[in-house]
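Visitor: Need coordinates for the following:
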Amino acid sequence: MGTPELISPRSARVTAARRLARRNTRGKERRFLAEGPQAVREAVAHRTAEGPTLVELFVTAEAAERHAGIVAAAHAAGARVHHAADSTVAEISQTVTPQGLVGVCRFLDTPFEEVLAARPKLVAVLAHVRDPGNAGTVLRCADAAGAEAVVLTDASVDLYNPKSVRASVGSLFHLPVAVGVPVEQAVAGLKEAGVRTVAADGAGDRDLDAELDAGLMGGPTAWIFGNEAWGLPEETRALADAVVRVPLHGRAESLNLATAAAVCLYASARAQRVAGGCRSGDAR
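Guide: Okay, here's the model as predicted:
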């Protein structure tokens, strides 16, 4: 086999992919970028109702050799694979040090009604999260803790922001994510589905350790996480069944959003496993 022909950096396909860095273009085309071997590998294995999630792959010669299995799987899944110069992939990429693989993927968010119909036992609700890196990291934490869904309200960052996608490190493709849901609708729907809603807030009147000791965390739970700088507004806290703080046993002033989310989600996952209510990692 000869050397694959490189796609021109002036190609319409390259131009279209580069434009997906803009939110309005992503929304119009219902496509987003996934960069790096982990994200592309997970995209290849994922499908939506429309078909395979990965529709195109831009890959450098070095990356094609290093990640030959991913490229072969992309071909087998029906994705258009474009071999490109390093500079071309760098133009599409949103990272300082591109890893040589950039995929174009279909939107994959799940309608909120489907999330509720699945009767989830553990959910992360990002109510006012504006930083894309934090959003992706919380999604990754939710996936690792065994959550069955993530909800991004209409006041939160775009799920498909390239930084969010990168920070999820492939977890975006692992669990249902609903987007654009008004927080009032999210909380009301979860309550109707039998899920206890818990707002995570440093000024909460309840203590996470006390909640665990009292056996209150073993049932279906949705954690509501707020803004990185100012937390949750009073009106959002008032919607929840409880407002719970993570206890600080040392001298730290606070925890950052992603760390607090990991503590809360894992506390629920642990309590639900003890109660027999949360699926184990082996059940995936």
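
Visitor: where in this structure is pLDDT low?
Guide: For the chain, applying pLDDT under 70 flags the ranges 1-3, 275-284.

Visitor: The same query, at a cut-off of 90, please.
Guide: Flagging of the chain using pLDDT under 90 yields the residue ranges 1-10, 49-50, 94-98, 128, 155, 202-204, 227-231, 253-255, 273-284.

Visitor: mind giving me the domain ranges of it?
Guide: 12-106, 112-283 (automatic domain parsing).

Visitor: Now do the longest one: distance to the chain's middle.
Guide: So the one you mean is domain 112-283. Remark: domain 112-283 is offset 12 Å from the chain centroid, using Cα atoms, centre = their mean, to the nearest Å.

Visitor: what do you get for the shortest one?
Guide: Averaged C-alpha coordinates place domain 12-106 at 18 Å from its chain's average position (Cα atoms, centre = their mean).

Visitor: check contacts around the residue nearest to Gly78 when sequence neighbours are not counted.
Guide: Closest residue to Gly78 apart from its sequence neighbours, by Cβ to Cβ, 6 or more residues apart in numbering: Pro52 at 5.7 Å. C-beta here means a position set from N, CA and C on the backbone, and glycine is covered the same way. Counting by Cβ atoms under 8 Å, 6 or more residues apart in numbering, Pro52 makes contact with Val44, His46, Ala77, Gly78, Ala79, Arg106.

Visitor: quick check, nearest of those to Arg31?
Guide: Arg106 (6.4 Å; Cβ to Cβ).

Visitor: The closest one and Pro132, how far apart?
Guide: Arg106 is 20 Å from Pro132, where distance means Cβ to Cβ, to the nearest Å.

Visitor: Helices of the stretch 101-250 of the chain, start to end?
Guide: Using DSSP state H, counting those that start in this stretch, the helices found in the stretch 101-250 of the chain span residues 112-117, 132-145, 162-168, 183-192, 208-213, 234-239.

Visitor: Please convert these to JSON lines, extending it with mean neighbour count and distance to Ala85.
Guide: Shown next, in JSON lines, are these (neighbours: other Cβ atoms under 10 Å; distance: least, Cβ to Cβ, whole Å):
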{"stretch": "helix 112-117", "mean neighbour count": "16", "distance to Ala85": "42"}
{"stretch": "helix 132-145", "mean neighbour count": "24", "distance to Ala85": "28"}
{"stretch": "helix 162-168", "mean neighbour count": "23", "distance to Ala85": "21"}
{"stretch": "helix 183-192", "mean neighbour count": "18", "distance to Ala85": "45"}
{"stretch": "helix 208-213", "mean neighbour count": "16", "distance to Ala85": "51"}
{"stretch": "helix 234-239", "mean neighbour count": "15", "distance to Ala85": "48"}
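
Visitor: of all these, which lies closest to Arg273?
Guide: Comparing the helices of the stretch 101-250 of the chain by Cβ to Cβ, helix 132-145 comes nearest, at 10.5 Å.

Visitor: Outside of that closest one itself, list whatever touches it.
Guide: 122, 124, 126, 129, 150, 152, 156-159, 161-169, 171-172, 174-175, 177, 225, 228, 256-258, 261-262, 265-266, 268-269.

Visitor: Could you tell me which of the residues you listed are located in strands?
Guide: Within the contacts of helix 132-145, residues falling in strands by DSSP state E are Leu122, Ala124, Leu126, Val150, Leu152, Val177, Phe225.

Visitor: Looking at those, spot the one nearest Ala64.
Guide: For those, the nearest to Ala64 is Val177 (30.0 Å; Cβ to Cβ).

Visitor: With adjacent residues omitted, what lies nearest to that closest one?
Guide: In space, Val177 comes closest to Val150 once its chain neighbours are excluded; the distance is 4.7 Å by Cβ to Cβ, 6+ apart.

Visitor: Ala17 now?
Guide: Distances taken as Cβ to Cβ, 6+ apart put Ile92 closest to Ala17, at 4.9 Å, once the chain neighbours are dropped.
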